[in-house]
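In: model this:
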Amino acid sequence: ILDGDGGGTVVVCDGTLGCTDEAIIDGFTITGGAGTRGGGMYNRGASPTVRQCRFVLNHAANGGGMYNDTSFPMVASCTFEGNYTDDGADGASMHLSWDHLAWAENGSPAGHGGGMYNASSSPVLEDCIFSGNHTGSGGSGGDASTNDDFFVDVHGGNGAAAGSGGAVYNNVSVLIAKRTVFTDNHTGDGGDGGEAMGSVRDMDVRTYGGAGGGSGAGGAISSAGSTLVAVGCVFSGNRTGNGGAGGLALASAGMDMIESHGGSGGAAGAGGAIAGASSTVTGSVIEGNGTGSGGSGGDANSMGMGMVWAFAGAGGPGGAGGGVHDAASVAIAVCTIAGNGTGDGGAGGDATSPEIAEDGLAGAAGIGGGVLSTNATVSNSILWGNSTASAADTPAEEQIRDATATVTYCDVEGGAAYVGDIDSDPLFVSTALGDLRLSEGSPCIDTGNGALLPVDEADLDGDLDVIEPLPLDLDGRDRMLGGLLDMGAYQR
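Out: Purely as a prediction, here's the structure:
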């Protein structure tokens, strides 16, 4: 056991300090690390092999378990459990008397990558488990208040964003994940906006509650300017956090212009399991993941004589893409995507005024219960039982929301619009127990198209043949039997 006891990063492999690509870290439990970049391990300009290690209860500003900086590590048969990034700091409040202006500080954002952060790196994950890792929540905005004789302008601080990538965050990187399980990871909540309270004896007063911060994207994996290749993986029970609440605004004066503006609620994070751009997901299960709800809008309350206005804040939108949210393109093949869901929009704030009072609008509910993308290609897959918080979505839109998607030889609940598609209960063995294998009589048996199987670019079977069709299903069995292919991640 290597225990950092909160004193810094536990293991450092720095190529500028002599750590070579031949370095091997084998069989250790790495725990108690606390750092800026990587609590458990920091790799810089080096590509060590890390195998059969446990990264447990480490934390850092970014990359709670491991931080890779221009590195290419092989991480095999490792467990990342309970690692996290630190919460953002709350903004300082400002409470004044007989001063016409009060601005509170904004909160600070939390860091990314609860289990791992990759910066300009290309790690390979093989037979690993990421469980119970999370990113920190954004700091709340400070409260502000003041009073004066003639004019008062008061601003509560804005809440900050939570960290993205509950398990892994990729920044201009390429991540290859093979036979890796991501379960019960999550991103933090956005910080709440600060309150604003102002009073004036004569003339004008304006108060502005702080805006709520957004929650982090990618309950398991979030990518920025990066590429993800996931083969034979399981994403289960991951989620994004909720948006922060908008701040309350109170304004009172004897006469003239009196305005209060409640802060807007923060947006919930997108991508309950996966968020980002340029993802390829093959032979994997994505089930039971979800996005958070938008933050509620701040209330507004104005009191006095003259022009008395109150404008409450709007609620933040719910997170989109309960399973997968991809802003560019995603290729999904022989996958099972089931039981994922999106969060509600935040409630609008309430406004109170003797003259003009406008309640805030509710935030939009999250869309794309299974997949939300702008350019998806989906083949030989099952999309079933996914849901959204939006009552306007059709059953098909709850499974996948993408106007330009190409979906072929798939079982899509509520929509069989493409070549080879069906719309029939796949007859999973037990959705209650999370067993998404096909039972006898499933309409998904032998109804796939073997010609659409992607090549084995991640070398799933380790035979060094990366141009053969994908050879194995999620259980390690032959992907095709007698030249016939089943839809979904499992071959019966």
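In: residue 201: how many residues sit nearby?
Out: Residue 201 has 13 neighbouring residues, counting by other C-beta atoms under 10 Å. All C-beta atoms are positioned from the backbone trio N, CA, C, and that covers glycine.
In: and what of residue 441?
Out: 7.
In: so where's the stretch 1-150 of the chain uncertain?
Out: Along the stretch 1-150 of the chain, the model assigns pLDDT under 70 to residues 98.
In: now do 90
Out: 20, 95-101, 147-150 (pLDDT under 90).
In: any idea what residue 287 is bridged to?
Out: residue 236, residue 338 (DSSP bridges).
In: quick one: it and residue 434 touch, right?
Out: Yes. Between residue 287 and residue 434 a contact is recorded at 6.5 Å, counting by C-beta atoms under 8 Å.
In: which residues touch residue 225?
Out: Neighbour list for residue 225: 171-172, 277 [criterion: C-beta atoms under 8 Å, 6 or more residues apart in numbering].
In: between residue 287 and residue 434, which is the more surrounded one?
Out: residue 287 (25 against 16).
In: quick one on the thing from earlier: got any residues that touch both of residue 287 and residue 434?
Out: With C-beta under 8 Å, 6+ apart as the test, residue 287 and residue 434 both reach residue 236.
In: element containing the residue of the chain most remote from its centre, please.
Out: Most distant from the centre of the chain: residue 202, at 48.0 Å, with distances by C-alpha atoms, centre = their mean. Using DSSP states H and E, residue 202 sits in no helix or strand.
In: and for residue 67?
Out: Here residue 67 is covered by strand 66-69, with elements defined by DSSP H and E.
In: cool, residue 36 as well?
Out: For residue 36, the host element (DSSP H and E) is strand 34-37.
In: the following helix or strand past that strand: partners in the sheet, and parallel or antiparallel?
Out: The first helix or strand that comes after strand 34-37 along the chain, using DSSP H and E, is strand 41-44. With DSSP bridges as the test, strand 41-44 is paired with strand 11-14 (parallel), strand 66-69 (parallel).
In: so which of the ones you listed is the most surrounded?
Out: For these, average neighbour numbers computed from mean count of other C-beta atoms under 10 Å are highest in strand 66-69, which has a mean of 28.
In: which residues touch it?
Out: 35, 37-38, 40-45, 50, 55, 60, 75, 80, 113, 115-121, 123, 173.
In: grab the CA positions of it and hand them over as CSV.
Out: Extracted as CSV, the C-alpha positions of strand 66-69 are listed here (Å, rounded to 0.1, in the frame of the first residue of the first chain):
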residue,chain,number,x,y,z
MET,A,66,-4.4,9.9,-12.2
TYR,A,67,-3.3,12.9,-14.4
ASN,A,68,-1.6,12.2,-17.7
ASP,A,69,0.3,15.0,-19.4
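In: check which residues of stretch 392-403 are buried.
Out: 393, 395-402 (16 or more other C-beta atoms under 10 Å).
In: tell me which of those fall in helices.
Out: 395-399 (DSSP state H).
In: quick one: residue 474 from residue 190, how far?
Out: As judged by C-beta to C-beta, to the nearest Å, residue 474 and residue 190 stand 35 Å apart.
In: which one's more surrounded, the two?
Out: residue 190 (39 against 23).
In: ok, residue 227 - contacts?
Out: 170, 173-175, 278-280.
In: measure it to residue 457 for me?
Out: Taking C-beta to C-beta, one finds residue 227 at 12 Å from residue 457.
In: same question, residue 1
Out: According to C-beta to C-beta, residue 1 and residue 457 sit 37 Å apart.
In: could you do residue 170 as well?
Out: Taking C-beta to C-beta, one finds residue 170 at 18 Å from residue 457.
In: more crowded one of the two?
Out: residue 170 (31 against 14).
In: check which helix or strand the more buried one maps to.
Out: Going by DSSP H and E, residue 170 is part of strand 168-171.
In: what strands line up against the following helix or strand past that strand, and which way round?
Out: The C-terminal neighbour of strand 168-171 among helices and strands, as given by DSSP H and E, is strand 174-178. Strand pairing for strand 174-178, using DSSP bridges, gives strand 124-126 (parallel), strand 227-231 (parallel).
In: for the helix or strand just after strand 174-178, what is the average pLDDT?
Out: Later in the chain than strand 174-178, the nearest helix or strand by DSSP H and E is strand 181-183. Averaging pLDDT along strand 181-183 gives 98.
In: neighbouring strands - and their directions - for strand 181-183?
Out: Applying DSSP bridges to the sheet, strand 181-183 is found paired with strand 129-131 (parallel), strand 234-236 (parallel).
In: quick one: residues in contact with the last one.
Out: The list of residues contacting strand 234-236 from outside it, by C-beta under 8 Å, 6+ apart, reads 180-184, 220, 273-274, 284-289, 323, 434, 474.
In: ok, then the element right after that strand?
Out: strand 249-253.
In: list the helices and strands that following strand packs on?
Out: Judged by 3 or more C-beta pairs under 8 Å, 6 or more residues apart in numbering; DSSP states H and E, strand 249-253 is in contact with strand 196-200, strand 204-208, strand 257-261, strand 300-303.
In: tabulate the strands paired with strand 41-44 (a markdown table), appending distance to residue 27.
Out: As requested, the strands paired with strand 41-44 are arranged in a markdown table below (distance: least, C-beta to C-beta, whole Å):
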| stretch | distance to residue 27 |
| --- | --- |
| strand 11-14 | 13 |
| strand 66-69 | 16 |
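In: circling back to that earlier point, report the distance from the strand holding residue 36 to the chain centre.
Out: With C-alpha atoms, centre = their mean, to the nearest Å as the basis, strand 34-37 stands 22 Å off its chain's centre.
In: ok, that strand: who's next to it in the sheet?
Out: strand 59-62 (parallel).
In: name the surrounding residues that touch the strand it pairs with.
Out: 9, 33-39, 67, 83-86, 111-113, 117, 163, 169.
In: rerun that using 6 Å as the cut-off
Out: 34-39, 84, 86, 111-113, 117 (C-beta atoms under 6 Å, 6 or more residues apart in numbering).
In: swap in stretch 430-440?
Out: Contacts of stretch 430-440 (C-beta under 6 Å, 6+ apart): 285, 336, 338, 427-429, 444-445, 490, 492.
In: mind doing that once more with 10 Å?
Out: Contacting residues not belonging to stretch 430-440 are listed as 234, 236-237, 285-288, 336-339, 382, 384-385, 426-429, 444-445, 473-475, 486-492 [C-beta atoms under 10 Å, 6 or more residues apart in numbering].
In: hmm, residue 43 and residue 16 touching each other?
Out: No. Between residue 16 and residue 43 there is no contact under C-beta atoms under 10 Å: 11.7 Å.
In: comparing these two, which shows the higher neighbour count?
Out: Ranked by neighbour count (other C-beta under 10 Å), residue 16 and residue 43 place residue 43 first, with 31 against 8.
In: please name the residues that touch the more buried one.
Out: 11-15, 19, 23, 25, 37, 50, 63, 66-73, 75, 118, 121, 123.
In: one more: residue 78?
Out: 25, 28, 30, 50-55, 65-66, 125-130, 180.
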